[in-house]
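> below: sequence and its predicted model.
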Amino acid sequence: MSFKSELKEFLMRGSVVDMAVGIVIGAAFGKIVTSFVNDILMPPIALLFGQGQFSELKLVLREAVMNGVDVVTPAITWNYGAFIQSVIDFLIIGISIFFVIKAMNSMKRKKKEAPAPEAAPKPTKEELLLTEIRDLLKNK
């Protein structure tokens, strides 16, 4: 089998295509969540802290060393605001994925729990007797 045909067979498998679609949708969803956190959720929180941007909250560990306008040694900071924003992004995405998977599992369970077709009811005594009579008449 040639490389080209092997590659085509691999790429056309359903699981690979599904995975590619999932990655693209996941990346787009990640951008939406990041925008929600950065542009909608964090500004009011930053307002509570008296800061312009929540992601700019930081603890300065060492001040920058300046020589006039030039920076000789940059400041060393602990950027906890950006970290908290990333954690909130992660939590929102994680909770959303949890609910999607929970819904999928629920649908799978419902599909498995579908009632089996009912078996034919047992024949009554009269039906059994009539069947025997019919069989006897056939044999004569």
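All right, it came through fine. Numbering: from 1, shown residues only.

> CA only for contacts and neighbour counts going forward, please
Noted.

> any residues touching the lowest-mean-pLDDT helix or strand in the chain, and which ones?
In the chain, no helix or strand scores lower on mean pLDDT, DSSP states H and E than helix 3-11, which sits at a mean of 80. Defining contact as CA atoms under 8 Å, 6 or more residues apart in numbering, one finds that helix 3-11 is touched by Val16, Val17.

> kindly report the same for stretch 61-75.
Val60, Ile76, Thr77, Trp78.

> what residues of stretch 26-39 count as buried?
Neighbour-count burial for stretch 26-39 flags Gly30, Val33, Thr34, Val37, Asn38 (criterion: 16 or more other CA atoms under 10 Å).

> give the contact list for the last one.
Just to be clear, that refers to Asn38. Asn38 sits in contact with Gln85, where contact means CA under 8 Å, 6+ apart.

> and the biggest helix by length in the chain, what does it pack onto?
Scanning the chain for the longest helix, with DSSP state H as the assignment, gives helix 80-112. Where contact means 3 or more CA pairs under 8 Å, 6 or more residues apart in numbering; DSSP states H and E, helix 80-112 is packed against helix 14-35.
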